[in-house]
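**Q** Mind folding the following:
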Amino acid sequence: MTSGIGSRRVKPTLNTKFHIDYEWWNRSGQDLRVNMISELLPEQSPYFATHEIGDQSDWIDPETAEVHRVDALLMALQEAAKTPTYFQTSLVNAVFRVFLTNGNVPLSPVELSQKIGRPAEAILRTLSGNVVYKGIRPYITS
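**A** Numbering: from 1, shown residues only. Modelled structure (predicted):
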C-alpha cells in the first residue's frame with residue numbers, strides 16, 4: 001500500500017493522482033477497518049462480525065496454484081469488486097472502493113472516472129475541496 005506526504009497543499013488538476021492517506025486515518029480517530037467492512041457486500045459482512053481483525057485466509061494463485069496467506073478482509077473486498085454493481089454507490093464510496101481494491105495505487109480523476117463511470121470533473125471537485133473524505137487526498141511525492 002502506498003503512502004504519500006500529506007502535509008503539503010497542492011491545487012489538484014484532472015491529472016493529479018489521489019490515494020487513501022493512511023496517516024489521515026491515524027490522526028482522524030476513525031477506524032479504517034470498520035469503514036472497510038462497511039464497503040463489503042451484505043452477504044460478506046457477517047463473517048467479519050464474528051472474526052478477529054487481521055484474520056488470514058488461504059488464496060490460491062490461479063496461474064501457479066501456489067497457496068498464499070492473505071488478509072481475509074482485503075480478499076473479500078477483491079471479490080466484492082467483481083460484482084458488476086459494486087461501484088454503483090456514492091461518488092466518495094466508489095472512489096474509496098477503487099483504492100481499497102487496487103492496493104491503494106494512486107489514480108487521477110481521469111483514471112478514476114474510467115473505473116467508476118462518473119465525470120472526472122465531478123471527482124476532482126469532490127476530492128479537491130476543503131473536506132477530506134475517507135482519507136482520500138492528493139498523492140504527493142517528495
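**Q** Any chance you could list what contacts the longest helix anywhere in the chain?
**A** The longest helix of the chain (DSSP state H) is helix 91-101. Under the contact criterion CB atoms under 8 Å, 6 or more residues apart in numbering, helix 91-101 has outside partners 18-20, 35-36, 39, 74, 77-78, 80-81, 86-89, 105, 107, 112, 115-116, 118, 122-123, 126-127, 133-134, 136. (Glycine included, C-beta is placed from N, CA and C.)
**Q** same thing but 6 Å
**A** Applying CB atoms under 6 Å, 6 or more residues apart in numbering, the external contacts of helix 91-101 come out as 20, 39, 77-78, 81, 87, 112, 115-116, 118, 126, 133-134, 136.
**Q** Name the residues of the helix or strand just after it that come out as buried.
**A** Downstream of helix 91-101, the first helix or strand assigned by DSSP states H and E is helix 109-116. Residues 109, 111-113, 115-116 are the ones in helix 109-116 that count as buried (16 or more other CB atoms under 10 Å).
**Q** and helix 109-116, what other elements does it pack with?
**A** Helix 109-116 sits against helix 91-101, helix 120-127, with contacts defined as 3 or more CB pairs under 6 Å, 6 or more residues apart in numbering; DSSP states H and E.
**Q** Do me a favour and average the pLDDT over it.
**A** In this model, helix 109-116 has a mean pLDDT of 98.
**Q** and it, how far out from the chain's middle?
**A** Relative to the chain's own centre, helix 109-116 is displaced by 13 Å; criterion: CA atoms, centre = their mean, to the nearest Å.
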